[in-house]
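Undergrad: Just a sequence and a predicted model for now, questions to come.
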Protein chains: 4
Amino acid sequence: MKTTPPPTRARRKADRPGELLEAALDTFVAKGFSAARMEDIAARAGVSKGTIYLYYPSKEAIFEALVRRDIIPRVEAAEAMLAASGAAPELQLRHLLEFMGKATADPRVAAVPKLVLAEAGNFPEMARFYRREVVGRGLALIEGILRRGMESGAFRPLDTRATARLFVAPIILSALWQTSFAPIEDAPEPPGPMLALHLDLFLGALRAEGASR
Amino acid sequence: MKTTPPPTRARRKADRPGELLEAALDTFVAKGFSAARMEDIAARAGVSKGTIYLYYPSKEAIFEALVRRDIIPRVEAAEAMLAASGAAPELQLRHLLEFMGKATADPRVAAVPKLVLAEAGNFPEMARFYRREVVGRGLALIEGILRRGMESGAFRPLDTRATARLFVAPIILSALWQTSFAPIEDAPEPPGPMLALHLDLFLGALRAEGASR
Amino acid sequence: MKTTPPPTRARRKADRPGELLEAALDTFVAKGFSAARMEDIAARAGVSKGTIYLYYPSKEAIFEALVRRDIIPRVEAAEAMLAASGAAPELQLRHLLEFMGKATADPRVAAVPKLVLAEAGNFPEMARFYRREVVGRGLALIEGILRRGMESGAFRPLDTRATARLFVAPIILSALWQTSFAPIEDAPEPPGPMLALHLDLFLGALRAEGASR
Amino acid sequence: MKTTPPPTRARRKADRPGELLEAALDTFVAKGFSAARMEDIAARAGVSKGTIYLYYPSKEAIFEALVRRDIIPRVEAAEAMLAASGAAPELQLRHLLEFMGKATADPRVAAVPKLVLAEAGNFPEMARFYRREVVGRGLALIEGILRRGMESGAFRPLDTRATARLFVAPIILSALWQTSFAPIEDAPEPPGPMLALHLDLFLGALRAEGASR
DNA sequence: CATGAATGAGTTTTCATTCAT
DNA sequence: TATGAATGAAAACTCATTCAT
């Protein structure tokens, strides 16, 4: 049954960064960024405070590494998925929403935007990084789909920037809700139905008048 | 020109709580909740640190008082406005969005949801209070309009809870964006166009098939 | 008997900076600059750590204040003394050495150059400040006397810069010795005789050949 | 060109202690004792942190070994040089100053007194060791020369202890200056001219009245 | 009522030293 | 021998809160 090799020194070293990131994410989720103490993170990872600094030079660096490991690859996956797909724009939006919905269903992913929004004021560098690498690329992706849809006549001609933001709004809000209110809620609502409804209404509203379904 | 009476001691005293709230809000907007120092708030209010504690027992209490003074009355105003109005549900939604859009255009109002979000983990009591008194009542209001619209046949029959959330999502997101990303943005986008577009798309999607405008 | 008024709040506040400087100097003398903990200084002054920061923003600032309070006025006093004096250059050197000898007899003054020399590498700003405000002005003073003596024919013509440094070397060394070795010495030597001898030898060597005593 | 044999494991091993001392000295010169990190020393020596502890039990031990290797032999060399020399005392002082001047021209030697000074408070054992083995022996050497000169009638009869200290003062000061102020100086002054002048003035002052040059 | 000096717990970060490999 | 990952004791500095005046 014991499939994991004994944690030799070398093995642990290789795993440390990942373990620390896990611990940090859990701690950030539980307490928020500022309130998460390096000591908490260390304790959760089962190491001492000093050890963290062997791998990451600061708390902000941990957060950035977290975004790089957990969020950006998802953005890239979405980019790749859509680049490879010859699907119709409408279908692409469906896929994208499904993809984002699944991703944000993981509380550890959903927590990230909250952390950024909450701490943007205190850590502008962090905000800038996220704005550029995640928000920027995500919005560009959606605007691309919208533009193609409009050019092909499938979608009504609209302001792509505003429309792209409208597309993501419920997804983001659902993520924020999940990490902020759900924990204090008596009967937290699953985000699925809302997102499904969003897709229906949004696509319906987007479709060009004469276009067939 | 000088219409405000000279701030005599007596006058000032009467307004102290309000002045402190003003100062606190400005400070929270500028720095966020945790990073706002009591001394900053005191300085902005033109009093000493100790004075704050004569009126509010803690930083959290200030925040709660702020929500009570600045946000809840707006919710109540919206409730009253809609209760008194015999307008059609669609028009009511228009009014409501216009009302919320205007409110959140003020950075001092828009900052509040961000503050709640940011500190929900650290101050669950604060989050619970906001969830109940602002979010809960706000959503109830919208669900009421939706329900009436559906009952009258003006709107398609839909899950009112989910639909209400979809209605507010872009408004909330716009408020958060404004306080988190706009300050670091080169050319921050005004929220107006997005909200106008939202209304169009959303109402279009909501309208029952055969219903006339 | 009780001549000092009761230490009212106001009185203490006025005295705090000075008290802190006293405590800091004692601590620096005992442990050196880097090894002196803010907490040590606070404890010696009978206040808490935080209180120090109400008066000085950093450890370096304390040191600078110390130099400004205890050293620079002495430099200025020496400058004034010599500017006012119409004495012959030789006598002026005598006075100056006597003045510096007396000053460095106080271990709390003698400690300062040691602190600067010792920590110059770690705190270059501190070194620069001392170099400019104390060493620079001091050397300029001596060079001035030497120059006048040479111009009047009382002193042999020599490189004033080098000569000025030779004049201070034993004084400085005596100060350093006092704070570094004297504490570990069995029978520390008083600096007086060496300085007296220095004056004799130095002035003798300086005097122009034909000049009368 | 490559005259040093390739650093085979065996060869390197034999030299480890010496290599470590080199690295430590360079690091102490660059950063001072406290600020020198064991890791810096290790890196400069091309070994790992742990290795240092195989040869020296602590940072202080390294410093002591350094003094033993680099300073004490110089003291001994001076002792031997003068013991073997039948030169006149005046010439011996010339030789000694030249010797010390050359030694302290090397920043790696000049740094040592500063290090001792800086850390005398924190490491009294170190100070005691240096006081005894370097300062004590050095002063004894000079006093010996002076005594012989006075006995032979070449020098005026003076307090040998004080005179010996006066002899070294400019040399020590020049060493300290070099490591403390020269790095922050715009145009650092070379110590040569001052030391040459010192010799002239000092010997001139020392010479007995009637003694021929 | 108002002040603001004082407090001291709390947080990040550094680094000499240890020890399993 | 040699390594370098891990430790944990410091230490500077911050700030909500208290309380003597």
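TA: Noted; the coordinates are in hand.
Undergrad: is any part of the helix or strand hosting A:Ala43 close to chain B?
TA: Per DSSP states H and E, A:Ala43 falls inside helix A:38-45. No: using C-beta under 8 Å from any C-beta of the partner chain, helix A:38-45 never reaches chain B; the gap is at least 12.4 Å. C-beta here means a position set from N, CA and C on the backbone, and glycine is covered the same way.
Undergrad: same check, this time on stretch A:82-97
TA: No: against chain B, stretch A:82-97 shows no contacts by C-beta under 8 Å from any C-beta, the least distance being 12.7 Å.
Undergrad: For the lowest-mean-pLDDT helix or strand in chain A, which outside residues touch it?
TA: In chain A, the helix or strand scored least confidently by mean pLDDT, DSSP states H and E is helix A:9-31, which has a mean of 84. With C-beta atoms under 8 Å, 6 or more residues apart in numbering or on different chains as the test, helix A:9-31 has contacts from A:5, A:7, A:36, A:40-42, A:44-47, A:51-52, A:54-56, A:62-63, A:65-66, A:69-70, A:107-108, A:111, A:115, A:179, B:121-122.
Undergrad: Just the buried residues of stretch A:199-213, please?
TA: Counting neighbours by 16 or more other C-beta atoms under 10 Å in any protein chain shown, one finds that the buried residues in stretch A:199-213 are A:199, A:201-203, A:205-207.
Undergrad: Can you tell me which of those residues lies closest to DNA strand F?
TA: The closest of the buried residues of stretch A:199-213 to DNA strand F turns out to be A:Phe202 (C-beta to the nearest atom of the strand; 42.3 Å).
Undergrad: From A:Pro157, how far off is that closest one?
TA: Distance of A:Phe202 to A:Pro157, computed by C-beta to C-beta, to the nearest Å: 16 Å.
Undergrad: next one: A:Ala169
TA: The gap separating A:Ala169 from A:Pro157 is 21 Å, by C-beta to C-beta.
Undergrad: what's the answer for A:Gly86, then?
TA: 23 Å.
Undergrad: And A:Gln178, by the same measure?
TA: Relative to A:Pro157, A:Gln178 is positioned 34 Å away (C-beta to C-beta).
Undergrad: For those two, indicate the residue with more neighbours.
TA: A:Gln178 (23 against 12; other C-beta atoms under 10 Å in any protein chain shown).
Undergrad: Determine the set of other helices and strands touching the one helix or strand the more buried one maps to.
TA: Per DSSP H and E, A:Gln178 falls inside helix A:160-180. Packed against helix A:160-180, as judged by 3 or more C-beta pairs under 8 Å, 6 or more residues apart in numbering or on different chains; DSSP states H and E, are the following elements: helix A:89-105, helix A:107-119, helix A:137-151, helix A:192-206, helix B:107-119, helix B:160-180, helix B:192-206.
Undergrad: so which strand or helix has the closest residue to A:Phe99 other than its chain neighbours?
TA: Closest residue in space to A:Phe99, ignoring its immediate chain neighbours: A:Ala78 at 5.7 Å, by C-beta to C-beta, 6 or more residues apart in numbering or on different chains. Per DSSP H and E, A:Ala78 falls inside helix A:72-84.
Undergrad: Contacts made by that helix with the rest, please.
TA: With contacts defined as C-beta under 8 Å, 6+ apart, helix A:72-84 is touched by A:92, A:95-96, A:99-100, A:103, A:109, A:133-134, A:137-138, A:141, A:144-145.
Undergrad: Run the chain-centre distance for that helix.
TA: 13 Å (C-alpha atoms, centre = their mean, to the nearest Å).
Undergrad: Spell out which parts of chain A neighbour DNA strand F.
TA: Residues of chain A that fall close to DNA strand F, judged by C-beta under 7 Å from any atom of the strand: A:9, A:12-13, A:16, A:47-51, A:53-54.
Undergrad: How is chain A divided into domains?
TA: Under the assignment automatic domain parsing, the domains of chain A span A:1-56, A:60-206.
Undergrad: For burial, what's the neighbour tally of the residue in chain A positioned nearest to DNA strand F?
TA: Residue nearest to DNA strand F within chain A: A:Gly50 (1.8 Å; C-beta to the nearest atom of the strand). When counting by other C-beta under 10 Å, one arrives at 9 neighbours for A:Gly50.
Undergrad: tell me the mean pLDDT over the one helix or strand it maps to?
TA: Assessed by DSSP H and E, A:Gly50 sits inside helix A:49-55. Average pLDDT, helix A:49-55: 94.
Undergrad: That helix: what's the following helix or strand?
TA: Moving toward the C-terminus from helix A:49-55, the next helix or strand (DSSP H and E) is helix A:59-66.
Undergrad: and that next one, which residues are buried?
TA: Quick answer for helix A:59-66 (16+ other C-beta under 10 Å): A:59-60, A:62-66.
Undergrad: In CSV, list those residues along with pLDDT.
TA: Shown next, in CSV, are those (pLDDT from 0 to 100):
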residue, pLDDT
A:Lys59, 91
A:Glu60, 90
A:Ile62, 94
A:Phe63, 93
A:Glu64, 91
A:Ala65, 94
A:Leu66, 93
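Undergrad: Take those and write them to a markdown table, including distance to B:Ala30.
TA: As requested, these are arranged in a markdown table below (distance: C-beta to C-beta, whole Å):
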| residue | distance to B:Ala30 |
| --- | --- |
| A:Lys59 | 22 |
| A:Glu60 | 21 |
| A:Ile62 | 26 |
| A:Phe63 | 22 |
| A:Glu64 | 25 |
| A:Ala65 | 29 |
| A:Leu66 | 27 |
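Undergrad: got JSON lines for those, with distance to chain D too?
TA: Shown next, in JSON lines, are the buried residues of helix A:59-66 (distance: C-beta to the nearest C-beta, whole Å):
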{"residue": "A:Lys59", "distance to chain D": "23"}
{"residue": "A:Glu60", "distance to chain D": "24"}
{"residue": "A:Ile62", "distance to chain D": "22"}
{"residue": "A:Phe63", "distance to chain D": "26"}
{"residue": "A:Glu64", "distance to chain D": "25"}
{"residue": "A:Ala65", "distance to chain D": "23"}
{"residue": "A:Leu66", "distance to chain D": "27"}
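Undergrad: got a list of what A:Ala87 touches?
TA: With contacts taken as C-beta under 8 Å, 6+ apart, A:Ala87 has the following neighbours: A:His95.
Undergrad: Quick one: low-confidence residue ranges for chain A.
TA: For chain A, the stretches flagged by pLDDT under 70 are A:1-12, A:210-213.
Undergrad: for the least confident helix or strand of chain A, which positions count as buried?
TA: For helix A:9-31, the neighbour count (16+ other C-beta under 10 Å) marks A:16, A:20-29 as buried.
Undergrad: between that helix and helix A:38-45, how big is the angle?
TA: Per axes from the mean of the first three to the mean of the last three C-alpha atoms, to 10 degrees, the angle that helix A:9-31 makes with helix A:38-45 is 120 degrees.
Undergrad: what sits against A:Lys59?
TA: Listed by C-beta under 8 Å, 6+ apart, the contact set of A:Lys59 reads A:33, A:36, A:38.
Undergrad: try it again with 7 Å
TA: Counting by C-beta atoms under 7 Å, 6 or more residues apart in numbering or on different chains, A:Lys59 touches A:Met38.
Undergrad: Residue in chain A with the shortest distance to chain B?
TA: Per C-beta to the nearest C-beta, A:Ala118 is where chain A lies closest to chain B, at 3.2 Å.
Undergrad: thinking again about what came up before, and the contacts of helix A:9-31, which of them are buried?
TA: Applying 16+ other C-beta under 10 Å to the contacts of helix A:9-31 flags A:36, A:40-42, A:44-45, A:47, A:52, A:55-56, A:62-63, A:65-66, A:70, A:111, A:115, A:179, B:121 as buried.
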